[in-house]
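Colleague: Here you go, sequence then predicted model.
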Amino acid sequence: MHMCKDKHHNLRENMIGWIEGKDGTHLSIMSIIWQSQGFFSRGIICCCIQTPGGDEYALKDCWVPEDRRYHEGHILWMVMGIPNVVRLVDEWDVLYNGVPDWKVVQKVFLCAVVVCAKKPHMMEPL
């Protein structure tokens, strides 16, 4: 994840940073939805991102223990189709020199949501 305001080729206008997608595409970070605090956290950050084509998604980047590496993605696949629950579009491990970290894995979850413009606690009930 790269947080910067410099203009980059193929990124959306008004982006605040970018992250490399699973396929190498640069996804524009448009806003931070939520970020964990504290030194001993899982480093969770949730962002509103846009693809080069303008499609908007919520993205969660976090550290998880190796033994729970697939847990959250599995749960999100199980609840797919339930109204008002995000729909998992993709997930991937962040690699360092082509391999995931040894004891903890940095995971990225890409989810389709109704709206990213407002923070969840500001959204109106359906």
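Modeller: Arrived safely, thanks for sending.
Colleague: residue ranges with poor pLDDT in the protein?
Modeller: Where the chain drops to pLDDT under 70, the residues are 1-10, 40-41, 101-104, 113-126.
Colleague: Please, where are all the helices along it?
Modeller: Using DSSP state H, the helices of the chain run over residues 71-78.
Colleague: how much space between the residue nearest the centre of it and Asp67?
Modeller: Note on the chain: the residue nearest the mean C-alpha position is Leu59, at 1.8 Å, using Cα atoms, centre = their mean. Noted for Leu59: a distance of 24 Å to Asp67, by Cβ to Cβ, to the nearest Å. Quick note: C-beta positions are derived from backbone N, CA and C, even for glycine.
Colleague: that older thread, need the contact list for the residue nearest to the centre of the chain.
Modeller: Taking Cβ atoms under 8 Å, 6 or more residues apart in numbering as the criterion, Leu59 is in contact with 19, 27, 29, 46-49, 108-111.
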